[in-house]
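S.K.: quick one: sequence and predicted model below, then my questions.
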Amino acid sequence: AQSVTQLGSHVSVSEGALVLLRCNYSSSVPPYLFWYVQYPNQGLQLLLKYTSAATLVKGINGFEAEFKKSETSFHLTKPSAHMSDAAEYFCAVSLAFSGNTGKLIFGQGTTLQVKP
Amino acid sequence: NAGVTQTPKFRVLKTGQSMTLLCAQDMNHEYMYWYRQDPGMGLRLIHYSVGEGTTAKGEVPDGYNVSRLKKQNFLLGLESAAPSQTSVYFCASSYPPRSNTGELFFGEGSRLTVL
């Protein structure tokens, strides 16, 4: 069975500070991993994804994440927070083999607050 | 390019009423999904479909039914709404995993309140 745990339901940073959102996963087979962002009253938008190529993945808006198999982690970082980064962030996992149903299992979400 | 479109965007129901949420995608995706989003619980899969005419249960299917009569449409029905079904519902679609890496494309959500 697969699962995702996001550590911290709320994270608050100052503008210009480092953003670190934590995600740990559990999967019995090699996973695909995703980070989605949700702005208020909108749907989910893909930030980045890990698909068994490079372990350091770069996404949109300056975000990146590193897949660490030994730690079963896929933490999201951004060197310098911007006010526009305030949103809810979701980590998700799916199975990396053909024939699966493409279902994503989501974490509980982390709300990022950026203070001026 | 509309992507994934959900209707209606907002709805208020009384307990026991029925309704249908419509999801339409114009990307020729084979797979479609209905999720619900509740505070502190992330998104949970209700039902999904891997092709026209097929549906399957997800994590929280009770109280919901679905139909996929056309490839581009995926309907979510509530036969007898309950207050526990107050939520934001998201539809998503994707290509089959064998031809892509599993990215889902989401609609903007439908906010349902059951009184």
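M.R.: Alright, I've got the coordinates.
S.K.: sec struct for B:Gly63, please.
M.R.: Reducing the assignment at B:Gly63 to three states with DSSP: H, G, I helix; E, B strand; the rest coil gives coil.
S.K.: wait, isn't A:Gln2 in contact with A:Ile105?
M.R.: Yes. With contact defined as Cβ atoms under 8 Å, A:Gln2 and A:Ile105 form a contacting pair (4.9 Å). C-betas here are computed from N, CA, C, even on glycine.
S.K.: pick out whichever of these two has more residues nearby.
M.R.: Comparing A:Gln2 with A:Ile105 by neighbour count (other Cβ atoms under 10 Å in any protein chain shown), the higher total belongs to A:Ile105, at 22 against 16.
S.K.: roughly how far apart are the more buried one and chain B?
M.R.: With the distance defined as Cβ to the nearest Cβ, to the nearest Å, A:Ile105 ends up 8 Å from chain B.
S.K.: how far away is that residue from B:Gly16?
M.R.: Separation of A:Ile105 from B:Gly16 (Cβ to Cβ, to the nearest Å) stands at 32 Å.
S.K.: what do you get for B:Gln37?
M.R.: If you measure B:Gln37 against B:Gly16 using Cβ to Cβ, the figure is 24 Å.
S.K.: in a helix, A:Leu33, correct?
M.R.: No. Read with three-state DSSP, A:Leu33 is strand and lies in no helix.
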